[in-house]
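>>> kindly return the folded structure for what I paste below:
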Amino acid sequence: MRRIYMAIGCLWAVVSGVSAQAGTDKVRVTLREAIRIARLQSVDAAVALNELRTAYWEYRTHRADQLPEVILTGALPSYSKRYTKYQQPDGSYTYVPDNALGLRGAISITQNIALTGGKIALNTSLDFTRQLGRGAYNAFMSVPVSLTLTQPIFGVNEQKWRRRVEPVRYQEAKAAYMERVEEVTIATIANYFDLLLAEDRRDICRQNLLNARKLYDIAVAKRAIGHISESELMRLRQSALQAKGKLTEAQSDYNAMMFKLRSFLGMSEREVIEPVLPEALEGIRMDYRAVLEKALENNSFSKNIARRRLEADQEVATAKGNRRSVNLFASVGYTGKGPSARGAYHPLKDNQIVEVGLSIPLLDWGKRKGKVKVAESNRDVVLSKIRREQMDFNQDIFLLVERFNNQAAQLEIAAEVDALAEKRYRASIETFMIGKIDILDLNDAQSSKDDARQKHIRELYYYWRYFYDIRSVTLYDFLNNRTLDADFEEIVKR
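Modelled structure (predicted):
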């Protein structure tokens, strides 16, 4: 009968195991594969992509401003029936009826002049008016061609400054996008190693529980023949119960880390990720000067500094330009009018306008001069902050390189301690079984073994974390000796 019950129990365990795994799919994922998936599917990667798209279209808009623009305007049709106020030759006023239908169309080609900051436009237009009611008639007026120029004389050339600032801003945005992609990589590494640590902790607790149960069974047999005391037997029983509790806690932590990584990667809840412990790189050592050179060359920080300097100079130039304002407007062309469309183009008459407007303050109590001084002071503040940020940036690079180079040695030590702690634990079990050490020494060996294993994995995490931190700040692949780059035109079209 006992054998029948054992067989039924084994069958039930198998069926339960199959049922528990039926709704899941195990997926073996290496660190590199997790990074690749995160870059494609994670929410953080999508946010970085949308920010890049915004910067891309802002830059495209700036470039479009430098190209000719063709504009069609018109009123098709315009109808009015009203009374309007009219002053007669003797000075008196009267109201006259206005009942007319109008059509108007115009085409203009405008071009910004980057060299001077002005704007030139080529225009053509045709107006048609039909007076309705008694004595109806048609009237046409044409402007076959006119050329207009609008030019500030002493003001700041906004177009020149935009041509200097916007390309730097876009380069900064592209570098920032690459850095955010690398930040996604760093976040992936953190979540990946969290799962590795949780999985290892669960496996350790599971093995410790098995060992504790075996030792307790052996202790029961020893107690029966009087080789150990009742107190030692109870300690082993207590250790087995504690190991069971730790396993339950470790399993819960493992499930949480699994959910966190799976959610970050955008994977289905059906999938169970099986992480693979990555190995350290062989013979990789960073040089501070080389890393700093790549960081200053590729990082968005250098572009950010260049942009802020340009914007500070632009503010000063704008403040100085606003001290006086002289604008030139000139328009030359031809015009014609007649009762028919053909008559509106023959004969033609000259149409010329030249206007120079100026605004020069004679007495402003130093207001405009004060604005210039404020802009210059703000520029000095920006330059001082930049110098401080540059020193902090260089210091951060130095510390990061030192940490990475030191981490290789720390990892090697942790691996050796892990191996020794494992050997010590196995030896302690054998020694305990022959009665030469007590349960406290055995628990100490087990605790040292567990801590050494976890520390080994954490040191490996810091190794990869520092490596990708350097890659993120330099935007340089030190394994393949190439600058990290991307087809941004293709990326924004995804």
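
>>> okay, CA-based contacts and neighbour counts for the rest of this
OK.

>>> quick one: Arg202 and Ala243 touch, right?
No - in this structure, Arg202 is not within contact of Ala243 by C-alpha atoms under 8 Å, at 10.8 Å.

>>> low-confidence stretches in the protein?
1-24, 353-355, 358-360, 363, 494 (pLDDT under 70).

>>> and the helices in it?
Using DSSP state H, the helices of the chain run over 2-22, 31-41, 43-65, 158-224, 230-265, 288-298, 300-321, 367-433, 439-474, 488-491.

>>> do you know which of those lies nearest Val96?
helix 43-65 (45.6 Å; C-alpha to C-alpha).

>>> buried stuff in the closest one?
In terms of neighbour count (16 or more other C-alpha atoms under 10 Å), helix 43-65 has its buried residues at 43-45, 48-49, 52-53, 55-56, 59, 62.

>>> and what of stretch 457-465?
For stretch 457-465, by 16+ other C-alpha under 10 Å, it's 457-465.

>>> likewise stretch 233-241?
Applying a neighbour-count criterion of 16+ other C-alpha under 10 Å, one finds 233, 236-237, 239-240 buried in stretch 233-241.

>>> the helices of the chain: which one's closest to Val145?
Comparison of the helices of the chain against Val145 by C-alpha to C-alpha identifies helix 43-65 as nearest, at 23.4 Å.

>>> what's the angle between the closest one and helix 158-224?
170 degrees (axes from the mean of the first three to the mean of the last three C-alpha atoms, to 10 degrees).

>>> mind checking how far helix 43-65 is from the chain centre?
From the chain centre to the centre of helix 43-65 is a distance of 10 Å (C-alpha atoms, centre = their mean, to the nearest Å).

>>> count the residues that sit near Val272.
Residues lying near Val272 (other C-alpha atoms under 10 Å) number 19.

>>> in space, what's closest to it - neighbours in sequence excluded?
Lys26 (4.6 Å; C-alpha to C-alpha, 6 or more residues apart in numbering).

>>> I'd say the one you found and Pro275 touch.
No - between Lys26 and Pro275 there is no contact under C-alpha under 8 Å: 10.4 Å.

>>> ok, those two, which is more surrounded?
Neighbours were counted for Lys26 and for Pro275 using other C-alpha under 10 Å; Pro275 has more, 18 against 11.

>>> where's the more buried one relative to Arg28, distance?
Distance, Pro275 to Arg28, using C-alpha to C-alpha, to the nearest Å: 6 Å.

>>> for the residue nearest to Val272, what are its contacts?
Counting by C-alpha atoms under 8 Å, 6 or more residues apart in numbering, Lys26 makes contact with 271-274.

>>> and for Asp44?
Contacts of Asp44 by C-alpha under 8 Å, 6+ apart are Val184.

>>> now do the biggest strand by length in the chain against helix 158-224, angle only.
In the chain, assigned by DSSP state E, the strand with the most residues is strand 93-113. Relative orientation of strand 93-113 and helix 158-224, computed by the same axes, to 10 degrees: 60 degrees.

>>> can you pull the buried residues of strand 93-113?
Across strand 93-113, burial judged by 16+ other C-alpha under 10 Å covers 99-108, 110-113.

>>> can I get that strand as PDB, trimmed to CA atoms?
Extracted C-alpha coordinates of strand 93-113, given in PDB (Å, rounded to 0.1, in the frame of the first residue of the first chain):
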ATOM      1  CA  TYR A  93     -18.700 113.400 -45.500                       C
ATOM      2  CA  THR A  94     -21.200 111.200 -47.100                       C
ATOM      3  CA  TYR A  95     -21.900 107.500 -47.400                       C
ATOM      4  CA  VAL A  96     -21.700 105.700 -50.700                       C
ATOM      5  CA  PRO A  97     -22.900 102.200 -51.500                       C
ATOM      6  CA  ASP A  98     -20.300  99.600 -52.200                       C
ATOM      7  CA  ASN A  99     -21.600  96.500 -54.100                       C
ATOM      8  CA  ALA A 100     -18.800  94.600 -55.700                       C
ATOM      9  CA  LEU A 101     -17.400  91.200 -56.400                       C
ATOM     10  CA  GLY A 102     -13.600  90.700 -56.400                       C
ATOM     11  CA  LEU A 103     -11.100  88.100 -57.300                       C
ATOM     12  CA  ARG A 104      -7.400  88.300 -56.400                       C
ATOM     13  CA  GLY A 105      -4.500  86.000 -56.900                       C
ATOM     14  CA  ALA A 106      -0.800  86.400 -56.300                       C
ATOM     15  CA  ILE A 107       2.400  84.300 -56.400                       C
ATOM     16  CA  SER A 108       5.500  85.200 -54.600                       C
ATOM     17  CA  ILE A 109       9.000  83.600 -54.400                       C
ATOM     18  CA  THR A 110      10.900  84.600 -51.300                       C
ATOM     19  CA  GLN A 111      14.500  83.900 -50.300                       C
ATOM     20  CA  ASN A 112      16.300  84.700 -47.100                       C
ATOM     21  CA  ILE A 113      19.700  86.300 -47.600                       C
END
